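Visitor: I'll drop the sequence and a predicted model, then ask my questions.
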Amino acid sequence: MGDISNIVVYNDGELELKVSVNEETIWLIQSQMSELFDTSTDNIGLHLKNIYKEKELNENSTTENFSVVRQEGNRKVTRVIKHYNLDAIICVGYRVSSSKATKFRQWATSILKNYIQNGYVINGDKITNERFVNLEKDVNILKSQMNEVKSLVKNNKLETSQGIFYNKVFKTI
């Protein structure tokens, strides 16, 4: 029985879903899959039952029980809940008939096609976001350094021996 410690929030503008990340895969419970694919939990359960019955996947290698703290009324209770890994999620996504499941299949197919054609897949959104975060950090560092120099100039504590031509460069600041 595992314990989930890493939670990632998936948000596509219409749905916000907390996804558990453990053992280099993502894990969802049936109710989360029903939200993701916009269908009932009964439908998800039926598809999972058929996936395992038809031996498309091995249930032991695609499920794990995790302890989850849940709010039940006024108290918090720890429950052991079966989670399904990415392999099971993908299989269910290819079986469900809904517009969200169709979008999921289109997305998954485009990722696979890109990987087959190029031998790799680039997560452009993640790269762009990471670059933006790093750029934002750099700008904040520069602002801090600039404020420090302004303070030194304002208080006439910047010495010429530091090699900065503050008379011409920083008078406009």
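Guide: Nice, I can see it.

Visitor: so where's the chain shaky on pLDDT?
Guide: Applying pLDDT under 70 to the chain flags the ranges 1-23, 121, 123, 158-173.

Visitor: now the helices: where do they sit in it?
Guide: Ranges of helices in the chain, per DSSP state H, are 30-37, 41-53, 59-62, 86-93, 99-118, 124-154, 166-169.

Visitor: out of those, nearest to residue 68?
Guide: Closest approach to residue 68 among the helices of the chain (CB to CB): helix 30-37, 11.4 Å. Where you see a C-beta, it was placed from the backbone N, CA and C, and this is true even at glycine.

Visitor: which residues does the nearest residue to residue 104 once chain neighbours are set aside contact?
Guide: Among residues not flanking residue 104 along the chain, residue 93 sits closest, at 4.5 Å (CB to CB, 6 or more residues apart in numbering). The contact partners of residue 93, taken as CB atoms under 8 Å, 6 or more residues apart in numbering, are 36, 37, 101, 104, 105, 108.

Visitor: Buried ones among these?
Guide: Buried members of these, counted by 16 or more other CB atoms under 10 Å: 36, 37, 101, 104, 105.

Visitor: what sits against the last one?
Guide: The one in question is residue 105. Applying CB under 8 Å, 6+ apart to residue 105 gives the contacts 93, 94.

Visitor: when you give positions from now on, start the count at 9
Guide: Will do, 9 is the new start, and the previous item becomes residue 113.

Visitor: roughly how far apart are it and residue 60?
Guide: Separation of residue 113 from residue 60 (CB to CB, to the nearest Å): 21 Å.
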